[in-house]
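[1] I would like to see how this sequence folds:
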Amino acid sequence: MIRDNLAHVTTEKSEFTGLILVSGLDTPGITQALFETLAPFSISILDIEQVVIRDRLILTVLISLNPAHAQAIDEDLQICGEKLSIDIATSFQEQGESTIAAKTGLVHVVALGNPLTPTAIGAIASAITSQHGNIERIQRTASYPITAIEFVVSGAEQLTIRQCLAEVTTSHSVDIAVSPGGLMRWAKKLVVMDVDSTLIQQEVIELLAARAGVQSEVATITEAAMRGELDFAQSLKARVALLEGLPETVIADVQKEIVLTPGARTLVKTLHKLGHSIALVSGGFVEVIAPLVEELSISHYRANSLEIVDGKLTGKVKGEIIDRAAKATALRDFAAIEGVELEQTIAIGDGANDLDMISIAGLGIAFNAKPAVKAAADSSVTAPYLDSVLYLLGISREDLEEAGATRK
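    Model (predicted):
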């Protein structure tokens, strides 16, 4: 009796299903014809997914059906395939519990490469497998100017996946970001960016130094500071001291020399359109970047301030110096103002002065950064395009094209 009851329970939970795989040249009407063929039968659609790559269609459909109808369905589908000049394969079987539960705890892994090689993809898949992760879905989110591929992974922890993939980034020259799935992935973000060599291509103090004829001396100090070999505050004071006597008018001249990093305007425009907040924190000078802040409609910013007396630079800095600790403080302050949790903040920078804000942000991104910064960041971008950051956030190139936000 007990055995009979158990058998009855098993029968109730089992279901006869059919997997339909459609492939061939994509033409209008394929999906319509497929489901018109299935319509006369008593079936339920359990799952469906379609992808088109270079005009080639792959469509999979999972159905539940009466097993007595399996042969008739298969025959009708073969006739349908012949009419449309496509391949339709079927697989029918009895299976256990067929309810397709929504999976939680998913992790998104985004890989950027130019090019993105098979060995890199294989290494990423191997790393995920080593952490008992299962790749649920793979999709391309950008094909130019770099290739971006997103993996949706189940069964693995975000931290362990991130740590495991760190080696892949260096050994296969690929940029990788790991972020949690779920609704919070689309929550409001605060994106905090460094300015010099991140938002813009130059180091402002070096532009000023060129006007004072001390560019090589300042550049040497800057490089040492960015590598973390010198205390930033002391190095800034030493560099600014070399600017003593410069006329205030050089600030306007330097402003004209500033060039945005490729993709910077697209990044800012897209983030604004999506309702995210943007802030700048700079070890440079507010007098120089103020027009840029206004032009890009950026609400929050902090930078150092040059002391100017009688129309000339005194060689001193006014007020608090924006060093690595001050940048982290700024990120916290701006997050509080915007009502954004730290987990929803993103910090982007390239030098040692950015390490503290990168470490406390929900996602720290090293942009064409020094080795020490790459090692400390959650992700790195080595492509020279700042809008590549958008792909790390799950925004596709197609989304940018549709929004009219792509670089010209």
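
[2] In three-state terms, label Ser173 for me.
    What DSSP: H, G, I helix; E, B strand; the rest coil gives for Ser173 is coil.

[3] give me the number of residues near it?
    14 (other C-beta atoms under 10 Å). Placement of C-beta: from N, CA and C, glycine included.

[4] mind checking how far it is from Met193?
    24 Å (C-beta to C-beta, to the nearest Å).

[5] May I have the secondary structure class of Thr90?
    Once three-state DSSP is applied, Thr90 turns out strand.

[6] where does the residue lying closest to it once chain neighbours are set aside land on pLDDT?
    Nearest non-adjacent residue to Thr90, counting by C-beta to C-beta, 6 or more residues apart in numbering: Asp74, 5.0 Å away. What the model reports as pLDDT for Asp74 is 97.

[7] Quick check: Asp74 is in a strand.
    No: assigned with three-state DSSP, Asp74 falls outside any strand and is helix.

[8] can you give me the strands for the stretch 1-150 of the chain?
    Secondary structure of the stretch 1-150 of the chain (DSSP state E, counting those that start in this stretch): strands at 15-25, 43-53, 56-65, 87-95, 107-113, 134-142, 147-154.

[9] What residues of the second one count as buried?
    When neighbours are counted by 16 or more other C-beta atoms under 10 Å, the buried residues of strand 43-53 are found to be Ile43, Leu46.

[10] isn't Val340 right next to Ala279, touching?
    No: here Val340 lies out of contact with Ala279, judged by C-beta atoms under 8 Å, at a distance of 10.4 Å.

[11] Between the two, point out the one with more neighbours.
    Using other C-beta under 10 Å, the more surrounded residue of Val340 and Ala279 is Ala279, with 23 against 19.

[12] Name the helix or strand for that one, please.
    strand 277-285 (DSSP states H and E).

[13] What pairs with that strand, parallel or antiparallel?
    Next to strand 277-285 in the sheet, as set by DSSP bridges, lie strand 190-193 (parallel), strand 300-309 (parallel).

[14] any idea which of these is most buried?
    The highest mean neighbour count among these, using mean count of other C-beta atoms under 10 Å, belongs to strand 190-193: a mean of 26.

[15] How far does it sit from its chain's centre?
    Averaging C-alpha positions (C-alpha atoms, centre = their mean, to the nearest Å) puts strand 190-193 13 Å from its chain's average.

[16] next one: stretch 68-80
    44 Å.

[17] Equivalent analysis for stretch 75-83, please.
    43 Å.

[18] Could I get the buried residue list for it?
    Asp76, Leu77, Cys80, Gly81.

[19] coming back round to it: if I take the helix or strand following the strand holding Ala279 and strand 277-285, what angle do their directions form?
    Following strand 277-285 in sequence order, the next helix or strand is helix 286-295 (DSSP H and E). Going by axes from the mean of the first three to the mean of the last three C-alpha atoms, to 10 degrees, helix 286-295 is angled at 160 degrees with respect to strand 277-285.
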